[in-house]
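**Q** let's see this in three dimensions:
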Amino acid sequence: MRMISSVLAITSSPRHPSNSETLLDYAVEGCRETGASVEKIRLTDFMIRPCIGCNGCHKTTRCVLSDDYQMLHDKLQNANHLIFAMPVYFGSMCAQLKCLIDRGQTFWVDKYILKNKPAQSIHRKALLLITSDHDNVAYVKNIEEIFRYYFLSLNIKEHQTIYQPHLENKQDILNYPETLERCRIAGKQLCVKNLGFQCKVSPTSE
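**A** Presented below is the predicted three-dimensional model:
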């Protein structure tokens, strides 16, 4: 009997509706086609303060700051697979998402300092959905380098990236139906073992 996957889908854009969130919605559709349980959240609905570098998490893996992060920490830890959707701001991800990642020191401590066993033994995967105005592969490289370290702490074994540039207005993504379909297929691949999930998809300049 095939295990039903759980997916946490995070949209980080401060703009609603946004092009990156539309990509996320198509990926979520693909996940649900497999029977997966998907929870979609908007980071802007949560209050997450920046990491203050206090090392308070080094003893317990729990952040000492009082806000909504711990709730998201538990969701990130417990989901089988993760999807992150983001716009490019000044050559990297938006501040809302970077703030979440910086608070992920809690995961790094758990794995590399306290040396605890992973909360899950499954092969965890992730999907990155990136949108931008200008077409510059360096944007993707910047973002992927940040996620490379984050995924090590989260025990993410492989990820796929879909990048769509040439988007300025809120729903410009609707002019790229082929990218929307790629996201739907990628969401499906994320949840089904041996369905051709690729470690990386080259950025498109269509």
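**Q** now the closest residue to residue 166 other than its chain neighbours: phi and psi?
**A** Distances taken as Cβ to Cβ, 6 or more residues apart in numbering place residue 135 nearest to residue 166, at 6.3 Å, with adjacent residues excluded. Heads up, the C-betas are built off the backbone N, CA and C, glycines and all. When read as degrees, to the nearest 10, the backbone of residue 135 gives phi -90, psi 110.
**Q** same question, the one 10 residues further on
**A** Recorded main-chain torsions at residue 145 are phi -70, psi -40, according to degrees, to the nearest 10.
**Q** now do the strands in the protein.
**A** Assigned by DSSP state E, the strands in the chain fall at 6-11, 37-42, 81-89, 92-93, 124-131, 156-164.
**Q** contacts only, for the nearest residue to residue 61 once chain neighbours are set aside.
**A** Take residue 61 and drop its neighbours on the chain: the residue closest to it by Cβ to Cβ, 6+ apart is residue 110, 4.4 Å away. Contacts here follow Cβ atoms under 8 Å, 6 or more residues apart in numbering; on that basis residue 110 touches 61, 116, 153.
**Q** for the residues you listed, which one is nearest residue 13?
**A** Nearest to residue 13 out of the contacts of residue 110 is residue 153 (Cβ to Cβ; 23.8 Å).
**Q** quick one: pLDDT of that closest one?
**A** pLDDT, residue 153: 94.
**Q** quick check: chain neighbours aside, which residue is closest to it?
**A** Closest residue to residue 153 apart from its sequence neighbours, by Cβ to Cβ, 6+ apart: residue 107 at 3.9 Å.
**Q** relative to residue 156, how far out is that neighbour?
**A** The gap separating residue 107 from residue 156 is 10 Å, by Cβ to Cβ, to the nearest Å.
**Q** cool, and residue 71?
**A** Taken as Cβ to Cβ, the span from residue 71 to residue 156 is 20 Å.
**Q** who has more neighbours, those two?
**A** residue 156 (17 against 12; other Cβ atoms under 10 Å).
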